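Asks: Everything below, folded, please.
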Amino acid sequence: MADRGKVLITDKVDDLLIHGLEKLGYACDFRVGISQEEVDRIIYMFSGIVITTKTTLYKSTLEKAAQLKWIARAGSGMEIVDVEFAKSKNIKCLNSPEGNRNSVGEHALGLLLALSHNIVRAAKQTDKLIWQVEENRVTEISGMTIGIIGFGNTGYSFAEKIKMFGVKILAYDKYKSNFGNEFVKESEMRDLFEQSDVVSLHVPLTSETHYLANENFFNSFKKKIYFLNTSRGKVVDTAALLNGINKGIVMGAGLDVLENEIFSSLTSNEISIIEQLIKTQKTIITPHVAGKSFSSRKRFAEVLLFKISSLE
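Replies: Got it, this is the predicted structure:
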């Protein structure tokens with residue numbers, strides 16, 4: 001078997017990926033918790049690197065990657081990689097959004113059900129032996145119009161899961177066309193602004209999508225909406241979302257991501273906004289776990305192994 005060089009694995013991955021890489025002829029250097037400084041120091045030694053969210057591969061790091069042939073991201077978002085610079089060095093960039101699309105789709109649906117049925121608020125009340133019925137009367141999803149922004153892996157997964165509720169689904173994707181089918185209508189943003197009862201974001205973080213959901217965005221809706229974000233935190237201007245809730249535009253928000261997810265580094269303003277969101281009792285915030293199911297790690301491994309083997 002040909003010696004294909006060494007692979008640096010910077011976080012926990014399924015054993016399937018390690019064993020598969022070894023069968024392809026790679027020697028795996030498994031370093032969970034490695035610092036960015038250490039990655040920068042040793043990256044010149046490796047032919048491939050596997051990352052999750054804890055390691056960034058920007059130009060300053062990639063300039064040191066003398067032997068690197070490929071980058072494999074266990075997950076979807078590639079904002080932590082300077083993809084254009086990598087391409088200029090003939091480094092292949094691979095990701096695995098197929099691996100957790102089912103989990104993210106389920107989580108988005110769960111957030112919507114929890115919001116529209118007051119599940120979290122009612123459960124907290126009964127924990128305190130407070131029994132309120134009328135105050136927690138639920139809103140059925142059936143008959144709603146669901147607006148999906150970004151119709152890639154997770155957007156499609158969410159649509160597949162929610163279609164069974166008897167809803168109308170509108171989907172907008174700037175970079176796709178002719179994707180409509182019997183249960184999804186390909187739409188423009190103006191259609192979503194005019195018709196949506198629910199809006200769910202499924203877009204990558206890029207210069208175009210940064211603060212996509214801003215003051216103008218929320219003010220453009222003709223109806224009150226439930227708002228979901230399982231994509232990336234910086235796609236949403238959190239202060240604008242708070243204003244949207246306070247104005248009554250947003251009836252409830254389900255967020256799996258925040259602008260700053262390193263709570264030890266939160267500024268006083270960021271803390272204040274999060275606290276105000278919580279006090280509205282109209283938000284559910286989960287700690288970026290939508291795609292982190294027990295099954296997704298294995299799926300990431302399967303997808304990446306297939307894509308890496310296809311490079312050979």
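
Asks: Nearest residue to the residue nearest to the spatial centre of the chain in space, ignoring adjacent ones along the chain?
Replies: In the chain, the residue lying closest to the centroid (Cα atoms, centre = their mean) is residue 231, at 3.0 Å. Spatial nearest neighbour of residue 231, excluding adjacent residues (Cβ to Cβ, 6 or more residues apart in numbering): residue 201 at 4.8 Å. All C-beta atoms are positioned from the backbone trio N, CA, C, and that covers glycine.

Asks: So what sits opposite that neighbour in the bridge?
Replies: Beta-bridge pairing for residue 201 (DSSP bridges): residue 149, residue 229.

Asks: quick one: it from residue 95, how far?
Replies: 18 Å (Cβ to Cβ, to the nearest Å).

Asks: Check residue 167 too.
Replies: Distance of residue 167 to residue 95, computed by Cβ to Cβ: 30 Å.

Asks: ok, residue 226 touching residue 112?
Replies: Yes: contact criterion Cβ atoms under 8 Å: residue 226 and residue 112 qualify, at 6.1 Å.

Asks: Residues that sit against both of the two, list them.
Replies: Taking Cβ atoms under 8 Å, 6 or more residues apart in numbering as the contact rule, residue 226 and residue 112 both touch 198, 254.

Asks: which stretches of the stretch 101-250 of the chain form strands?
Replies: For the stretch 101-250 of the chain, the strands defined by DSSP state E, counting those that start in this stretch occupy 145-149, 168-172, 185-186, 198-201, 225-229, 250-255.

Asks: so which of those strands comes closest to residue 278?
Replies: When these are compared by Cβ to Cβ, strand 250-255 sits nearest residue 278, at 10.9 Å.

Asks: In PDB, please show the C-alpha coordinates belonging to that closest one.
Replies: Provided in PDB are the C-alpha atoms of strand 250-255 (Å, rounded to 0.1, in the frame of the first residue of the first chain):
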ATOM      1  CA  VAL A 250     -41.700  37.900  16.000                       C
ATOM      2  CA  MET A 251     -44.100  35.800  18.100                       C
ATOM      3  CA  GLY A 252     -41.300  33.400  19.000                       C
ATOM      4  CA  ALA A 253     -37.700  32.700  18.100                       C
ATOM      5  CA  GLY A 254     -35.900  29.300  18.200                       C
ATOM      6  CA  LEU A 255     -32.200  29.700  18.100                       C
END
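
Asks: Who are the packing partners of it?
Replies: helix 101-116, strand 225-229, helix 238-246, strand 283-285 (3 or more Cβ pairs under 8 Å, 6 or more residues apart in numbering; DSSP states H and E).

Asks: re the thing from before, what would the strands of the stretch 101-250 of the chain look like in CSV with mean neighbour count, mean pLDDT and distance to residue 274?
Replies: Below are the strands of the stretch 101-250 of the chain laid out as CSV (neighbours: other Cβ atoms under 10 Å; pLDDT from 0 to 100; distance: least, Cβ to Cβ, whole Å):
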stretch, mean neighbour count, mean pLDDT, distance to residue 274
strand 145-149, 25, 98, 23
strand 168-172, 22, 98, 28
strand 185-186, 15, 98, 35
strand 198-201, 26, 98, 18
strand 225-229, 26, 98, 14
strand 250-255, 24, 98, 10
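
Asks: how about the ones you listed in JSON lines, adding distance to residue 129?
Replies: What follows is the strands of the stretch 101-250 of the chain, written out as JSON lines (distance: least, Cβ to Cβ, whole Å):
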{"stretch": "strand 145-149", "distance to residue 129": "36"}
{"stretch": "strand 168-172", "distance to residue 129": "40"}
{"stretch": "strand 185-186", "distance to residue 129": "46"}
{"stretch": "strand 198-201", "distance to residue 129": "32"}
{"stretch": "strand 225-229", "distance to residue 129": "29"}
{"stretch": "strand 250-255", "distance to residue 129": "25"}
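
Asks: What residues sit buried inside stretch 24-39?
Replies: 24, 26, 28, 34, 39 (16 or more other Cβ atoms under 10 Å).

Asks: Out of those, flag the one nearest to residue 149.
Replies: Using Cβ to Cβ, the buried residues of stretch 24-39 come closest to residue 149 at residue 39, 33.6 Å.

Asks: which residue ranges form the helices in the stretch 51-200 of the chain?
Replies: For the stretch 51-200 of the chain, helices defined by DSSP state H, counting those that start in this stretch occupy the ranges 59-62, 83-88, 101-116, 119-127, 153-162, 189-195.

Asks: could you dump those helices to a markdown table with mean pLDDT, mean neighbour count and distance to residue 249?
Replies: Shown next, in a markdown table, are the helices of the stretch 51-200 of the chain (pLDDT from 0 to 100; neighbours: other Cβ atoms under 10 Å; distance: least, Cβ to Cβ, whole Å):
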| stretch | mean pLDDT | mean neighbour count | distance to residue 249 |
| --- | --- | --- | --- |
| helix 59-62 | 97 | 16 | 40 |
| helix 83-88 | 97 | 14 | 35 |
| helix 101-116 | 98 | 22 | 15 |
| helix 119-127 | 97 | 14 | 19 |
| helix 153-162 | 97 | 22 | 21 |
| helix 189-195 | 98 | 16 | 11 |
